[in-house]
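# sharing a sequence plus its predicted fold:
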Amino acid sequence: MTVFIKAVKTVLIVFVVLACAASFACVKEEFPPSFTMPVTFQDPVSEIPTTTPAPTTEDEPSPTPSPTEKPTEAPAQDYSGGIARDKATLVPLYPSTGEKKPFCGTGHTLAVQFYATTEFTSVGFESPTWTAKDGYSVDYSLFKWNNDYYDTIYGDSLVEGSYEDWADGANVPLDCGTLPAGEYLLVAMYRSEETMKNSGVWYMDSECEKQRSYLDDEVWYDVSICFNIRYTKTPVNKYGPFSDSGLD
């Protein structure tokens, strides 16, 4: 009996060995001798850096530019010599002696360049109408003097005004508010609304240091238009020096 059991064990062992050998042969057949099982090695997991997104800049308001300061105009030189009286006064800026003559201003441009020595409120021309009482007018423009005649009249006027039907020979004032001392140009254009109803200026046949007169954009030599200025106070010196016309 013992011999039989040993024989069975031996048979079983042989059977197992044969089965393993057959199995190994199959594996070799499936993978040819030159085949090598690929072996992959994985690198250690490293932390992938996260890209920091570019900061989103919100639309920031543009810086408000600092306001550009306008250049302040230098105050006019004081030619007044002081104030004689603290009282408004109407001053004629034309020769104090001589004969006044009428000039028909219809269709002409007339102007006076002058230097006011203190604050003033009106300027104007003495204007004949040849006895007419209506049907005529004058357009005034007052300019701050700028370099020469044409630079001045091509600039912006400070004050403008139109007047009509004044008394024959009266001073016709342009209301200026209150303007400071300085050099100015008053321009006038006379108009006739009806035939034979003209107006113009009184003038004198002599120049003077108080003003310079112009006719049709040219210096009116040897003539002074009868021109008046109303000062807010009475200066010692009623007029100052004026610039070259720039027309020569």
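All right, it came through fine.
# in a helix, Asp178, correct?
Just to correct that, residue 178 is Thr rather than Asp. No. Counting by DSSP: H, G, I helix; E, B strand; the rest coil, Thr178 is not part of a helix but strand.
# any regions of the chain where pLDDT drops low?
Residues of the chain meeting the criterion pLDDT under 70: 1-75.
# domain ranges for it, per the record?
Domains of the chain are assigned by automatic domain parsing as 1-32, 83-235.
# can you put the ones you listed in TSV and add mean neighbour count and distance to Gly246?
All C-beta spots, glycine's among them, are computed from the backbone N, C-alpha and C. Shown next, in TSV, are the domains of the chain (neighbours: other CB atoms under 10 Å; distance: least, CB to CB, whole Å):
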stretch	mean neighbour count	distance to Gly246
domain 1-32	9	113
domain 83-235	18	2
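# need these in a markdown table (columns: distance to Ser245).
Rendered in a markdown table, the data for these read as follows (distance: least, CB to CB, whole Å):
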| stretch | distance to Ser245 |
| --- | --- |
| domain 1-32 | 118 |
| domain 83-235 | 5 |
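# between those, which one is nearest to Phe242?
When these are compared by CB to CB, domain 83-235 sits nearest Phe242, at 4.9 Å.
# need the helices for the chain, in chain order.
Ranges of helices within the chain are 2-30, 149-153, based on DSSP state H.
# tell me what the shortest one is packed against?
The one in question is helix 149-153. When contacts are defined as 3 or more CB pairs under 8 Å, 6 or more residues apart in numbering; DSSP states H and E, helix 149-153 sits against strand 136-144, strand 182-192.
# if you count contacts, what does the first one end up packed against?
Other helices and strands packing on strand 136-144, by 3+ CB pairs under 8 Å, 6+ apart, are strand 120-127, helix 149-153, strand 159-164, strand 170-179, strand 182-192.
# now the ones you listed as TSV including distance to Tyr140?
Converted to TSV, those look like this (distance: least, CB to CB, whole Å):
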stretch	distance to Tyr140
strand 120-127	7
helix 149-153	13
strand 159-164	5
strand 170-179	4
strand 182-192	5
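# Asp205 is nearest to which of these?
In terms of CB to CB, the element of those nearest to Asp205 is strand 120-127, at 15.2 Å.
# now do that closest one and strand 182-192, the angle between them.
Interaxial angle of strand 120-127 relative to strand 182-192 (axes from the mean of the first three to the mean of the last three CA atoms, to 10 degrees): 40 degrees.
# so what touches strand 120-127?
Identification of contacts with strand 120-127 by CB atoms under 8 Å, 6 or more residues apart in numbering yields 88, 100, 105, 110, 112, 114, 138, 140, 142, 166, 169-179, 184, 186, 188, 190, 199-202, 225-232.
# partner strands of it and their direction?
Sheet pairing of strand 120-127 (DSSP bridges) gives strand 170-179 (antiparallel), strand 227-231 (antiparallel).
# what's the closest non-adjacent residue to Glu164?
Closest residue to Glu164 apart from its sequence neighbours, by CB to CB, 6 or more residues apart in numbering: Ser137 at 3.9 Å.
# make TSV out of the helices and strands packed on helix 149-153 and add distance to Gly161.
Shown next, in TSV, are the helices and strands packed on helix 149-153 (distance: least, CB to CB, whole Å):
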stretch	distance to Gly161
strand 136-144	5
strand 182-192	10
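# re the thing from before, quick check: which of the domains of the chain is nearest to Pro241?
Closest approach to Pro241 among these (CB to CB): domain 83-235, 6.1 Å.
# what's in contact with stretch 227-239?
Outside stretch 227-239, the residues that touch it by CB under 8 Å, 6+ apart are 79-94, 112, 114-126, 171, 173, 178, 186, 209-211.
# ok, now which ones touch the spatially closest residue to Phe227 that is not a sequence neighbour?
Leaving aside its sequence neighbours, Phe227 sits nearest to Val112 (CB to CB, 6+ apart; 4.6 Å). Neighbour list for Val112: Leu93, Phe125, Leu185, Leu186, Gln211, Arg212, Ser213, Tyr214, Ile225, Phe227 [criterion: CB under 8 Å, 6+ apart].
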